[in-house]
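Colleague: What follows is a predicted protein model with its sequence.
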Amino acid sequence: MTSQRLQGQTAFVTGAASGIGRATAIRLAEEGAAVMVTDIDVEGGKATVAAITGAGGRAEFAEQDVMDEARWAALVEQTVSLFGRLDILVNNAGIGVGGPVTDMTLETWNKLMGINVTGVFLGTKHALPAMRTPRTDGPFAGRSGGSIINISSVAGLAGAATMSGYCATKGAVRLFTKAVAMECAAARDGVRVNSVHPGIIVTPIWDSIAASDVDLIDGSNALTAEQIGLASPVGYPGTPEDVAAGIAFLASEDSRYMTGSELVIDGGWTAH
(Lines give C-alpha, C1' and ligand atoms only; values in the text may rest on other atoms or scores of the structure.)
Protein backbone atom coordinates (compact mmCIF):
# COMPACT_ATOMS: atom_id res chain seq x y z
CA MET A 1 0.00 0.00 0.00
CA THR A 2 1.65 3.25 -1.14
CA SER A 3 1.02 6.74 0.14
CA GLN A 4 -0.57 9.51 -1.91
CA ARG A 5 2.44 11.85 -1.79
CA LEU A 6 1.92 12.92 -5.39
CA GLN A 7 -1.82 13.46 -5.36
CA GLY A 8 -2.85 16.11 -7.89
CA GLN A 9 0.53 16.21 -9.62
CA THR A 10 1.52 15.32 -13.17
CA ALA A 11 4.55 13.25 -14.17
CA PHE A 12 6.23 12.68 -17.54
CA VAL A 13 8.27 9.46 -17.82
CA THR A 14 10.36 8.59 -20.87
CA GLY A 15 11.34 5.05 -21.80
CA ALA A 16 8.32 3.84 -19.86
CA ALA A 17 7.42 0.80 -21.98
CA SER A 18 9.46 -1.57 -19.82
CA GLY A 19 12.01 -1.93 -17.04
CA ILE A 20 12.72 0.99 -14.74
CA GLY A 21 10.55 3.33 -16.80
CA ARG A 22 7.47 1.13 -16.55
CA ALA A 23 7.96 0.48 -12.83
CA THR A 24 8.41 4.22 -12.26
CA ALA A 25 5.29 5.21 -14.17
CA ILE A 26 3.25 2.67 -12.22
CA ARG A 27 4.73 3.74 -8.86
CA LEU A 28 4.15 7.45 -9.50
CA ALA A 29 0.55 6.70 -10.47
CA GLU A 30 0.11 4.65 -7.29
CA GLU A 31 1.36 7.70 -5.38
CA GLY A 32 -1.44 9.76 -6.95
CA ALA A 33 0.17 11.37 -10.00
CA ALA A 34 -1.31 11.49 -13.48
CA VAL A 35 1.36 10.12 -15.84
CA MET A 36 2.36 10.83 -19.42
CA VAL A 37 4.00 7.61 -20.58
CA THR A 38 6.33 7.85 -23.58
CA ASP A 39 8.53 5.42 -25.52
CA ILE A 40 9.39 4.36 -29.06
CA ASP A 41 7.85 0.97 -28.14
CA VAL A 42 4.16 1.62 -28.77
CA GLU A 43 2.79 -1.71 -27.58
CA GLY A 44 4.90 -1.69 -24.43
CA GLY A 45 3.91 1.89 -23.66
CA LYS A 46 0.24 1.12 -24.08
CA ALA A 47 0.64 -1.88 -21.78
CA THR A 48 2.12 0.39 -19.10
CA VAL A 49 -0.87 2.72 -19.41
CA ALA A 50 -3.25 -0.24 -19.21
CA ALA A 51 -1.59 -1.37 -15.99
CA ILE A 52 -2.03 2.09 -14.51
CA THR A 53 -5.61 2.71 -15.61
CA GLY A 54 -6.59 -0.85 -14.72
CA ALA A 55 -5.61 -0.06 -11.14
CA GLY A 56 -7.63 3.14 -11.13
CA GLY A 57 -4.87 5.58 -12.03
CA ARG A 58 -4.62 8.22 -14.76
CA ALA A 59 -2.20 7.88 -17.66
CA GLU A 60 -1.82 8.57 -21.37
CA PHE A 61 0.66 7.16 -23.87
CA ALA A 62 2.53 9.02 -26.61
CA GLU A 63 5.14 7.65 -28.97
CA GLN A 64 8.40 9.56 -28.59
CA ASP A 65 11.93 9.63 -29.94
CA VAL A 66 13.72 11.60 -27.21
CA MET A 67 16.18 13.02 -29.77
CA ASP A 68 13.37 14.84 -31.61
CA GLU A 69 13.15 18.37 -30.19
CA ALA A 70 9.90 19.27 -31.93
CA ARG A 71 8.28 16.18 -30.43
CA TRP A 72 9.44 17.20 -26.95
CA ALA A 73 7.87 20.64 -27.32
CA ALA A 74 4.61 19.14 -28.57
CA LEU A 75 4.38 16.50 -25.85
CA VAL A 76 5.06 18.89 -22.98
CA GLU A 77 2.31 21.12 -24.35
CA GLN A 78 0.02 18.09 -24.69
CA THR A 79 0.75 17.00 -21.12
CA VAL A 80 -0.15 20.43 -19.73
CA SER A 81 -3.29 20.49 -21.88
CA LEU A 82 -4.41 17.05 -20.67
CA PHE A 83 -3.50 17.26 -17.00
CA GLY A 84 -3.26 20.97 -16.19
CA ARG A 85 0.49 21.28 -15.63
CA LEU A 86 3.77 19.40 -15.37
CA ASP A 87 5.34 18.73 -11.96
CA ILE A 88 7.68 15.76 -12.42
CA LEU A 89 9.98 14.78 -15.28
CA VAL A 90 11.80 11.44 -15.25
CA ASN A 91 14.41 11.35 -18.01
CA ASN A 92 14.75 7.58 -18.10
CA ALA A 93 15.05 6.59 -21.78
CA GLY A 94 18.45 5.15 -22.52
CA ILE A 95 20.43 2.43 -24.27
CA GLY A 96 23.52 0.43 -23.36
CA VAL A 97 26.19 -0.74 -25.80
CA GLY A 98 29.36 -2.53 -24.77
CA GLY A 99 32.64 -3.28 -26.49
CA PRO A 100 36.26 -2.15 -26.73
CA VAL A 101 36.67 1.55 -27.49
CA THR A 102 38.79 0.67 -30.55
CA ASP A 103 35.86 -1.28 -32.01
CA MET A 104 33.18 1.34 -31.36
CA THR A 105 31.88 3.05 -34.47
CA LEU A 106 31.16 6.75 -34.62
CA GLU A 107 27.56 5.86 -35.42
CA THR A 108 27.25 3.87 -32.19
CA TRP A 109 28.94 6.62 -30.17
CA ASN A 110 26.61 9.27 -31.59
CA LYS A 111 23.54 7.11 -30.95
CA LEU A 112 24.56 6.60 -27.32
CA MET A 113 25.12 10.34 -26.88
CA GLY A 114 21.91 11.20 -28.70
CA ILE A 115 19.57 9.05 -26.63
CA ASN A 116 21.35 9.06 -23.28
CA VAL A 117 22.50 12.69 -23.16
CA THR A 118 20.73 14.80 -25.78
CA GLY A 119 17.39 13.28 -24.77
CA VAL A 120 17.97 14.37 -21.16
CA PHE A 121 18.97 17.87 -22.27
CA LEU A 122 15.90 18.28 -24.48
CA GLY A 123 13.53 16.99 -21.82
CA THR A 124 14.94 19.36 -19.24
CA LYS A 125 14.93 22.32 -21.65
CA HIS A 126 11.25 21.91 -22.54
CA ALA A 127 9.93 20.83 -19.13
CA LEU A 128 11.41 23.73 -17.18
CA PRO A 129 9.16 26.50 -18.60
CA ALA A 130 6.07 24.43 -17.74
CA MET A 131 7.35 23.77 -14.21
CA ARG A 132 8.15 27.45 -13.74
CA THR A 133 4.57 28.46 -14.58
CA PRO A 134 2.65 29.08 -11.32
CA ARG A 135 -0.15 26.62 -10.57
CA THR A 136 -3.63 28.07 -10.94
CA ASP A 137 -5.54 25.80 -8.56
CA GLY A 138 -5.25 23.15 -5.89
CA PRO A 139 -3.21 23.23 -2.66
CA PHE A 140 -0.18 24.63 -4.50
CA ALA A 141 -2.02 27.48 -6.27
CA GLY A 142 0.30 30.39 -6.99
CA ARG A 143 3.43 28.28 -6.57
CA SER A 144 5.79 27.13 -9.31
CA GLY A 145 8.31 24.33 -9.11
CA GLY A 146 8.80 20.67 -9.74
CA SER A 147 11.23 17.77 -9.69
CA ILE A 148 13.44 16.65 -12.57
CA ILE A 149 14.95 13.21 -12.08
CA ASN A 150 17.64 12.08 -14.51
CA ILE A 151 18.53 8.41 -14.65
CA SER A 152 22.29 7.97 -14.71
CA SER A 153 24.02 4.77 -13.53
CA VAL A 154 26.83 3.49 -11.35
CA ALA A 155 28.63 3.67 -14.71
CA GLY A 156 28.36 7.45 -14.30
CA LEU A 157 30.31 7.23 -11.03
CA ALA A 158 33.11 4.81 -11.92
CA GLY A 159 34.72 3.50 -15.08
CA ALA A 160 34.08 0.05 -16.49
CA ALA A 161 36.24 -1.62 -19.12
CA THR A 162 34.47 -2.14 -22.48
CA MET A 163 31.73 0.29 -21.43
CA SER A 164 33.49 3.57 -22.30
CA GLY A 165 30.68 5.03 -24.39
CA TYR A 166 28.00 4.18 -21.87
CA CYS A 167 30.11 5.50 -18.98
CA ALA A 168 30.72 8.73 -20.89
CA THR A 169 27.00 9.31 -21.36
CA LYS A 170 26.06 8.52 -17.78
CA GLY A 171 28.85 10.69 -16.44
CA ALA A 172 27.56 13.51 -18.63
CA VAL A 173 24.05 13.06 -17.20
CA ARG A 174 25.48 13.25 -13.67
CA LEU A 175 27.21 16.62 -14.17
CA PHE A 176 24.48 18.04 -16.40
CA THR A 177 22.10 17.34 -13.51
CA LYS A 178 24.27 19.22 -11.03
CA ALA A 179 24.71 22.22 -13.34
CA VAL A 180 20.98 22.57 -14.00
CA ALA A 181 20.25 22.11 -10.29
CA MET A 182 22.48 25.10 -9.53
CA GLU A 183 20.85 27.10 -12.32
CA CYS A 184 17.38 26.43 -10.94
CA ALA A 185 18.50 27.15 -7.38
CA ALA A 186 19.94 30.50 -8.48
CA ALA A 187 16.67 31.30 -10.25
CA ARG A 188 14.68 30.43 -7.11
CA ASP A 189 12.18 28.71 -9.38
CA GLY A 190 11.32 25.86 -7.00
CA VAL A 191 12.58 23.19 -9.40
CA ARG A 192 14.83 20.51 -7.94
CA VAL A 193 17.08 18.42 -10.19
CA ASN A 194 18.64 15.14 -9.04
CA SER A 195 20.20 12.04 -10.58
CA VAL A 196 19.60 8.37 -9.83
CA HIS A 197 22.39 5.81 -10.19
CA PRO A 198 21.11 2.24 -10.46
CA GLY A 199 23.50 -0.68 -10.17
CA ILE A 200 22.75 -4.16 -11.49
CA ILE A 201 19.02 -4.06 -12.13
CA VAL A 202 17.16 -6.82 -13.97
CA THR A 203 15.83 -4.93 -17.01
CA PRO A 204 15.66 -5.44 -20.80
CA ILE A 205 18.69 -3.15 -21.34
CA TRP A 206 20.87 -6.17 -20.60
CA ASP A 207 19.51 -7.82 -23.75
CA SER A 208 21.29 -5.14 -25.82
CA ILE A 209 24.70 -5.63 -24.17
CA ALA A 210 26.53 -8.74 -25.36
CA ALA A 211 27.78 -10.77 -22.41
CA SER A 212 31.28 -10.97 -23.85
CA ASP A 213 31.41 -7.17 -23.98
CA VAL A 214 30.51 -6.54 -20.35
CA ASP A 215 33.28 -5.93 -17.83
CA LEU A 216 31.87 -4.29 -14.76
CA ILE A 217 33.41 -2.10 -12.07
CA ASP A 218 35.01 -5.04 -10.25
CA GLY A 219 36.09 -6.78 -13.46
CA SER A 220 33.40 -9.46 -13.31
CA ASN A 221 31.92 -10.91 -16.48
CA ALA A 222 28.66 -12.85 -16.58
CA LEU A 223 25.80 -13.74 -18.87
CA THR A 224 22.84 -12.06 -17.19
CA ALA A 225 21.95 -9.37 -14.71
CA GLU A 226 20.76 -12.09 -12.35
CA GLN A 227 24.17 -13.81 -12.44
CA ILE A 228 26.10 -10.55 -12.09
CA GLY A 229 23.88 -9.55 -9.19
CA LEU A 230 24.98 -12.65 -7.26
CA ALA A 231 28.46 -11.10 -7.09
CA SER A 232 27.20 -7.82 -5.64
CA PRO A 233 27.84 -7.04 -1.96
CA VAL A 234 24.23 -7.83 -1.04
CA GLY A 235 24.29 -11.01 -3.14
CA TYR A 236 21.42 -10.33 -5.53
CA PRO A 237 20.44 -7.90 -8.31
CA GLY A 238 17.97 -5.08 -7.91
CA THR A 239 14.53 -4.82 -9.48
CA PRO A 240 12.96 -1.95 -11.42
CA GLU A 241 10.66 -1.45 -8.44
CA ASP A 242 13.67 -0.81 -6.18
CA VAL A 243 14.69 2.08 -8.40
CA ALA A 244 11.11 3.32 -8.83
CA ALA A 245 10.80 3.67 -5.05
CA GLY A 246 13.82 5.97 -5.00
CA ILE A 247 12.46 7.99 -7.90
CA ALA A 248 9.11 8.41 -6.12
CA PHE A 249 11.00 9.77 -3.10
CA LEU A 250 12.83 12.34 -5.24
CA ALA A 251 9.55 13.30 -6.92
CA SER A 252 7.89 14.00 -3.58
CA GLU A 253 8.16 16.73 -0.98
CA ASP A 254 9.93 14.20 1.25
CA SER A 255 13.11 15.16 -0.65
CA ARG A 256 12.37 18.89 -0.74
CA TYR A 257 15.87 19.84 0.49
CA MET A 258 17.68 17.73 -2.10
CA THR A 259 18.92 19.15 -5.39
CA GLY A 260 22.02 18.35 -7.39
CA SER A 261 22.24 15.10 -5.42
CA GLU A 262 23.07 11.56 -6.50
CA LEU A 263 20.78 8.79 -5.28
CA VAL A 264 22.75 5.55 -5.62
CA ILE A 265 20.66 2.36 -5.70
CA ASP A 266 23.23 -0.35 -6.32
CA GLY A 267 23.28 -2.97 -3.57
CA GLY A 268 26.69 -1.71 -2.49
CA TRP A 269 28.56 -1.97 -5.82
CA THR A 270 30.20 1.44 -5.45
CA ALA A 271 30.80 1.21 -1.70
CA HIS A 272 34.06 -0.72 -2.09
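Modeller: Yes, it's here. Numbers count the residues shown, from 1 in each chain.

Colleague: only C-alpha atoms for contact and neighbour calcs from this point on.
Modeller: OK.

Colleague: Low-confidence ranges, the stretch 151-272 of the chain, go.
Modeller: The stretch 151-272 of the chain contains residues with pLDDT under 70 at 205-226, 229.

Colleague: What segments of it are helices?
Modeller: With DSSP state H, counting those that start in this stretch as the criterion, the stretch 151-272 of the chain has helices at 164-187, 225-229, 240-251.

Colleague: and the helix or strand encompassing Ala130, how far out from the chain's middle?
Modeller: Per DSSP states H and E: Ala130 is located in helix 119-131. Its chain's average C-alpha position is 13 Å from that of helix 119-131, according to CA atoms, centre = their mean, to the nearest Å.

Colleague: what's the answer for stretch 18-30, then?
Modeller: Put simply, stretch 18-30 sits 10 Å off its chain's centre (CA atoms, centre = their mean).

Colleague: cool, stretch 189-206 as well?
Modeller: Centroid separation between stretch 189-206 and its chain, computed with CA atoms, centre = their mean, is 5 Å.

Colleague: just to revisit the earlier point, the helix holding Ala130 - contacts with which helices or strands?
Modeller: Where contact means 3 or more CA pairs under 8 Å, 6 or more residues apart in numbering; DSSP states H and E, helix 119-131 is packed against helix 69-83, strand 88-91, strand 146-151.

Colleague: Name the residues of it that are buried.
Modeller: Buried residues in helix 119-131, counting neighbours by 16 or more other CA atoms under 10 Å, are found at Gly119, Val120, Phe121, Leu122, Gly123, Thr124, His126, Ala127, Leu128, Ala130, Met131.

Colleague: And the third one, how close does it get to Gly44?
Modeller: So that's Phe121. Between Phe121 and Gly44 the computed distance is 24 Å (CA to CA, to the nearest Å).

Colleague: can you give me phi and psi for the residue in the chain sticking out farthest from the centre?
Modeller: The centre of the chain is farthest from one residue, Thr102, which by CA atoms, centre = their mean lies 29.2 Å away. Note on Thr102: its backbone torsions stand at phi -70, psi -20 [degrees, to the nearest 10].

Colleague: what about stretch 133-152, how long is it end to end?
Modeller: Terminal residues of stretch 133-152 are spaced 27 Å apart (CA to CA).

Colleague: The stretch 1-150 of the chain: strands as residue ranges?
Modeller: All strands of the stretch 1-150 of the chain, identified by DSSP state E, counting those that start in this stretch, fall at 10-13, 34-39, 59-63, 88-91, 146-151.

Colleague: would CSV of those strands with distance to Ala74 be doable?
Modeller: Formatted as CSV, these follow (distance: least, CA to CA, whole Å):
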stretch, distance to Ala74
strand 10-13, 13
strand 34-39, 12
strand 59-63, 11
strand 88-91, 15
strand 146-151, 18
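
Colleague: possible to save these as JSON lines with distance to Cys167 and mean neighbour count?
Modeller: Formatted as JSON lines, those follow (distance: least, CA to CA, whole Å; neighbours: other CA atoms under 10 Å):
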{"stretch": "strand 10-13", "distance to Cys167": "22", "mean neighbour count": "26"}
{"stretch": "strand 34-39", "distance to Cys167": "23", "mean neighbour count": "27"}
{"stretch": "strand 59-63", "distance to Cys167": "27", "mean neighbour count": "21"}
{"stretch": "strand 88-91", "distance to Cys167": "17", "mean neighbour count": "28"}
{"stretch": "strand 146-151", "distance to Cys167": "13", "mean neighbour count": "28"}
